[in-house]
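sharing a model that was predicted from the sequence below.
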Amino acid sequence: MGRYVVRRLLQMIPVFIGSTLLIFLMVDVMGDPIAGLCGDKQCDAATSAQLKKEFGLDKPVWQQYLTYMGHVFTGDFGTAFNGQKVTELMATSFPVTIRLTIVAILIEIVIGITLGVITGLKRGRPVDTSVLLLTLVVISVPTFVTGLLLQLLLGVQWGWIKPSVSTEAGFGELLVPGLVLASVSLAYVTRLTRTSIAENRRSDYVRTAVAKGLPRQRVIVRHLLRNSLIPVVTFIGTDIGALMGGAIVTERIFNIHGVGYQLYQGILRQNTQTVVGFVTVLVLVFLVANLLVDLLYAVLDPRIRYA
Amino acid sequence: MRGATHAKWAACAAAVALAATACGSGDSGSGSGSSDGGAVLSSSWGDPQNPLEPANTNEVQGGKVLDMIFRSLKKYNPETGKAEDMLAEKIDTTDSQNFTITVKSGWTFSNGEKVTAKSFVDAWNYGASLKNNQKNAYFFGYIDGYDKTHPEDGSKQSADTLSGLKVTGEQTFTVKLNQKFSTFPDTLGYPAYAPLPQAFFNDHASWLQKPVGNGPYTIDSYTKGSQMALKKWDAYPGPDKAQNGGVTLKVYTDNNTAYTDLLAGNLDLVDDVPAAQLKNAKADLGDRYINTPAGIIQTLAFPFYDKKWNAAGMEKVRTGLSRAINRDQITETIFQKTRTPATDWTSPVLGKEGGFQDGLCGDACDYDPAAAKKLIQEGGGLPGGQIKITYNADTGSHKQWVDAVCNSINNALDNDKACVGNPVGTFADFRSQITAKKMSGPFRAGWQMDYPLIQNFLQPLYYTNASSNDGKWSNKDFDKLVNEANAETDTTKAVEKFQAAEKVVRDNMAAIPLWYQNGSAGYSERLSNVKLNPFSVPVYNEIKVG
């Protein structure tokens, strides 16, 4: 187990270097970011040269990358164009997005798995069919449609919520955005759980458990659900990273100043420091989440061993 | 069955909890007004792109704040756009080149420091100095000694201060310009010329965290990237005191969300109604929708560094293109009349006296497909048989109007492929391609005035090698007329000279004027006396709440 973890951690290094290098090159290809800083006017040559020097943009890309990585290892992610430290931007935006992600994941787990279990047990019944139809609708409707629709109905028409989230972005305010963000994954979780449950229901160990006369609830939760959760956990684990990075649309609709917002601003302003910094952290989140998922398998199914 | 019932119950509980908390957070925060200084209003804002310093702020969002926390020597009248004395007691000159400026006494910064002549001279020296990276440094380019503090080639600066600035007394200083510039005093309302307190120089970092100025508002709190709370400054000595208790600027990533918030009663003022909502704004807001002219003109510029576009006879092609654009139709269908077809190269906000001349463009701006076709043929046809209009696709609704313009040109020329749009992903990339002179055909050019002077609509854009002459157009007659106009001490005569110069722009069709842009805003029922100034920024200090 320990060796497995170490090996996995070591594997992260090339992935980490590769992905940051790719992002670095992509942002660089977009052209000279200083040109956009002066609005519709042209920066005078001397000032833009000076700015380029300050942000290290006058050096070749490989050198910029090396310096950048050198700084990153000391915890210095550079400065955004508006004079703020990127670490400062992270400190304000990551907590918000993490809260949003937690809300979304909880919604996925609670509602998704519950619906999955219900439909899996009642396969073919009206409940199953209607939930299946519902998930189909959710999957096929793009997030921004769901988001704008909920915002308009709940926020403007009925006045139940504020259409935008305040600066503090507490858990309560994030419920609706979290639901929007979770919606598509929620549908997938439901379907995955349903299939898995339906399959395992007919397996030998469930029949044995029932034959032993165990209470129905214990059969479902301890025997059936636990074994059916492996694909679901895999999905949810990878979804953590996807939700954090993919919150861009939801964050924009509800005016949440999280990671998506900072990334969007960074890309728009071609701010290499912001974009690469945030993506770097997101890559790390992704890698760690994947590792945790792999380790969780053993908890769910003790037959799985790591070498 | 028991398990299923259990699960069902859990789902219901989750749904109920969800609805309940959602309801709980739905209380509106309208009770934030204080009883003494009047209520506070909230307004939409965008994250400023640059650090908030007077000489470093060149976009509307940062400018908005500077306008609230700073007062300069001059201020532009929110109605007429005329430059009026604010902190300036008097500005004297005999030769349009040497100015003596007297600063009114009795003014202080909100931290108690006195505003003196030194506050201005120090601020301007700071702005002009290359080592401070101020993006508006070129505003000080007219002052003597600028080339020493800001060498054009980026070499080491040989002076830290402008030799043309001298403090001659507690409240007086002199300015020596490197050329005659009669309307120089009228430019002094621009935020870059604001005075700075000593605190700015003593502890720059903490000043940036919470800027201190001398305007009607002070910054109460500033959370970068999300919101800024401004409070009325009770001890403000000026005549234009704030009529409300304060303004909370909230950063919105998307102006659609801001508009939705306004409709839901969660926000008081939106100063940029999204293009998609313009159609509904009148119905949604009624009288609370403002649509007034602003000092912004959109044009199509040409790459004169490209031989194809600079050849003899090309002015006919350019004029022909101008005549092929149906401005009336585009401004009506795409912009819902928030743009006005342009008939000159300035803006209506200047007024007749200021140099705006309705119809100066004449026939050249009238839609006439037949004449357009003829002119383009006479001029030798489109270079390469096709033109590509380059624009940035990330903000604004540029794609829509560029497609419409192309459509109009294609129809006029009976050729489906005469004109196509050429989108560029980001604004920064668009600008860097322009700076690198990579344009192969016409490109989008927008100009928002810095100060309401005809000079500002012509010189920076069309003077040889001027700061915003993106197409690198160069014409001796034009340059000569502009120099003469700047040397003219009589304002009326100066304006006439500028208009003569503008006619040179017309005859050569140096850029195709498209339309004047309006400012659009919407506000809640709580507010009254809301208006936009000629820069399309709300006049915050005059807004009444309740």
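Perfect, thanks for sending it.

residue ranges of the helices in the stretch 301-450 of chain B, please?
Here the stretch 301-450 of chain B has its helices, by DSSP state H, counting those that start in this stretch, at B:307-310, B:314-323, B:327-333, B:351-354, B:369-378, B:398-413, B:427-435.

what is the mean pLDDT for the last one?
Which is helix B:427-435. Averaged across helix B:427-435, the pLDDT comes to 87.

ok, and what's touching that helix?
A:30-38, A:40, A:42, A:268-270, B:390-392, B:394-395, B:424, B:439, B:443, B:470 (CB atoms under 8 Å, 6 or more residues apart in numbering or on different chains). Heads up, the C-betas are built off the backbone N, CA and C, glycines and all.

again, but for the fourth one
With CB under 8 Å, 6+ apart as the test, helix B:351-354 has contacts from B:T80, B:G81, B:K82, B:P452, B:L453, B:I454, B:T492, B:V495.

the last one - how many residues pack around it?
By the other CB atoms under 10 Å in any protein chain shown criterion, the neighbourhood of B:V495 contains 23 residues.

tell me the pLDDT at it?
As predicted, B:V495 sits at a pLDDT of 92.

before we move on, back to that, which of the helices of the stretch 301-450 of chain B sits closest to A:S19?
For those, proximity to A:S19 was assessed by CB to CB; helix B:427-435 is nearest, at 22.7 Å.

now B:E53: how far from B:S206?
Using CB to CB, to the nearest Å, one gets 13 Å for the distance from B:E53 to B:S206.

with B:L66 instead?
B:L66 is 18 Å from B:S206, where distance means CB to CB.

kindly report the same for B:A283.
From B:A283 over to B:S206 the distance is 48 Å, taken as CB to CB.

and the two? Which one has more around it.
Applying other CB under 10 Å to B:A283 and B:S206 shows that B:S206 carries more neighbours, namely 11 against 8.

so who does that one touch?
Counting by CB under 8 Å, 6+ apart, B:S206 has no contacts.

any idea which helix or strand carries residue 124?
Looking at chain A here, since you left the chain open. Assigned by DSSP states H and E, A:G124 belongs to no helix or strand.

meant chain B actually
helix B:117-128.

mind listing what's buried in that helix?
Buried residues in helix B:117-128, counted by 16 or more other CB atoms under 10 Å in any protein chain shown: B:A117, B:K118, B:S119, B:F120, B:V121, B:D122, B:A123, B:W124, B:N125, B:Y126, B:G127, B:A128.

B:T248 falls within a helix, correct?
No: the assignment for B:T248, made by DSSP: H, G, I helix; E, B strand; the rest coil, is strand rather than a helix.

ok, the residue nearest to it when sequence neighbours are not counted - contacts?
Nearest non-adjacent residue to B:T248, counting by CB to CB, 6 or more residues apart in numbering or on different chains: B:S42, 4.5 Å away. The neighbourhood of B:S42, defined by CB under 8 Å, 6+ apart, consists of B:V247, B:T248, B:L249, B:K250, B:L267, B:D268, B:L269.

residues contacting the fifth one?
Contacts for B:L267 were tallied using CB under 8 Å, 6+ apart; they are A:S164, B:S42, B:S43, B:S44, B:K250, B:A258, B:D261, B:S524.

using the three-state scheme, assign it.
State at B:L267, reduced to three classes by three-state DSSP: coil.

scan the contacts of B:L267 and report the most crowded one.
B:A258 (28 neighbours).

would the helix or strand containing that one count as contacting chain A?
In this assignment (DSSP H and E), B:A258 forms part of helix B:255-263. Yes: Helix B:255-263 is in contact with chain A by CB under 8 Å from any CB of the partner chain, via B:T257, B:A258, B:T260, B:D261, B:L263.

with stretch B:167-185 instead?
No: under the criterion of CB under 8 Å from any CB, stretch B:167-185 makes no contact with chain A; the nearest approach is 15.6 Å.

only alpha carbons, please: show that stretch as CSV.
Taking C-alpha atoms only, stretch B:167-185 is exported to CSV below (Å, rounded to 0.1, in the frame of the first residue of the first chain):
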residue,chain,number,x,y,z
VAL,B,167,6.4,75.0,-7.9
THR,B,168,6.5,78.7,-7.4
GLY,B,169,4.5,79.0,-4.2
GLU,B,170,2.4,77.1,-1.8
GLN,B,171,-0.6,77.2,-4.2
THR,B,172,1.0,78.1,-7.5
PHE,B,173,3.1,76.3,-10.1
THR,B,174,4.1,76.8,-13.7
VAL,B,175,4.0,74.5,-16.7
LYS,B,176,6.1,74.9,-19.7
LEU,B,177,5.0,72.9,-22.7
ASN,B,178,7.3,71.7,-25.5
GLN,B,179,4.9,73.0,-28.2
LYS,B,180,2.0,75.4,-28.3
PHE,B,181,-1.2,73.8,-27.1
SER,B,182,-4.0,76.3,-26.6
THR,B,183,-6.6,73.9,-25.2
PHE,B,184,-4.1,72.4,-22.7
PRO,B,185,-6.1,73.7,-19.7
